[in-house]
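S.K.: The following comprises the amino acid sequence and a computationally predicted model.
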Amino acid sequence: MIVANWKCNGSREMIQEWSKHYKDTYIPFDKTFVGIAPPYVYVDHLTNLINVHELDIKIGVQDIDISSGARTGAISVDMIKDMKCQFTIIGHSERRNIFDESDESISAKLDSVGSKVATILCIGESAEENKNKNTKNVLKRQLSIIEGKILSSSFSIAYEPVWAIGTGNTPAPDEINDIHKFIKDVVQSSTGNSIVPNVLYGGSVNDANAESFFKEDNVDGALIGGASLQGKSFANIVNIFNGKAI
Ligand code: PEP
C-alpha cells in the first residue's frame, strides 16, 4: 500500500504534468493499493486525468469532518464517497499540531467514517518524546481511541515520527520494524474484532531510501509527502515496493 499525501500543494497544471510523468515511469503491477490524497478541490481534476491515462490509482482525502450540515468549511464522508474517493487520512501530525486536533476529535472522525471508505490513522511521536524514549507510550495513548471498536478490515495505520516528516531524518529500518510490530500487537489486542492492520511508514521516504524500509517484514507500505509531488519519484517508489525497479 503506497499512499501520497499532497498536503496543501498542487495546481491544475502540476497535476497534468504529474500524471504524465507517473505514467511514463510506472511499471504496471496490479496487486498494490496505490492512493493519492490531493487537496479536496483537485479531486475531480485528478480523477479525470487518472481515467484519461488509465492509471490504477485510488483517490482519497487528507482529512474529513464528522458530519454534514451546518459546519462551515467542512467536507463529510458522504461527500467524498459521492466523489468516488476510497479513503481518508485522519490524525496527521499537521492536523494535530497546526489545527489543534485532539485524540477525542480524531476518535469521532474514525467513528464517522466507519466502513464507508478506508481509513488511514496517523500516529507518531515528537522529537522530544523520541529523545526521552517515550515513543511506545505515546503511540499507545494515540491508539487508545480504537479501544473496543469494531474496525473495518480496510483500516490502516501510518506510523509517522513527527521529527522525520520533511526533515530527511528517519529512524533505522529495524527500529521502524520493531515499532510496526508493536502497533500491530496493540491494535490486535485492543480492538473489538482483533484486527491486525496494515502499518505504513511515513517520514522522509524517497526513491533512494524506500527499499531499506520495504524489506522489513512489518512495513506494509508507505505514506509519502514531499517525494510524492513528482510523478516520477512517486512511481519509482511504487515500482520499488512492487519489486519492479530497474
Ligand atoms: C507526511 O507528512 O505524511 C510525510 C510523510 O511527509 P514527508 O514524506 O515529506 O516526510
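M.R.: Now that the structure is in, tell me what you want to look at.
S.K.: Count the residues that sit near the residue in the chain positioned nearest to the ligand.
M.R.: With CB to the nearest ligand atom, the shortest gap between the chain and the ligand falls at Gly225, namely 2.3 Å. Heads up, the C-betas are built off the backbone N, CA and C, glycines and all. Per other CB atoms under 10 Å, the neighbour tally for Gly225 reads 20.
S.K.: hang on, isn't it packed against Gly202?
M.R.: Yes. At 7.3 Å, Gly225 counts as touching Gly202 under the criterion of CB atoms under 8 Å.
S.K.: Are there residues contacting both of those two? Which ones?
M.R.: Counting by CB atoms under 8 Å, 6 or more residues apart in numbering, the shared contacts of Gly225 and Gly202 are Asn5, Ile165.
S.K.: Any buried residues in the longest helix along the chain, and which?
M.R.: For the chain, the helix with the greatest residue count under DSSP state H is helix 173-190. Going by neighbour count (16 or more other CB atoms under 10 Å), the buried part of helix 173-190 is Pro173, Ile176, Asn177, Asp178, Ile179, His180, Phe182, Ile183, Lys184, Val186, Val187, Ser190.
S.K.: Likewise for stretch 74-91?
M.R.: The neighbour-count criterion (16+ other CB under 10 Å) identifies Ile75, Ser76, Val77, Met79, Ile80, Cys85, Phe87, Thr88, Ile89, Ile90, Gly91 as the buried residues of stretch 74-91.
S.K.: So which residues make contact with whatever helix or strand the fourth one lives in?
M.R.: With elements delineated by DSSP states H and E, Met79 resides in helix 77-82, which encompasses its position. Defining contact as CB under 8 Å, 6+ apart, one finds that helix 77-82 is touched by Val43, Gly60, Val61, Ile64, Ser68, Thr88, Ser112, Val113, Gly114, Lys116, Val117.
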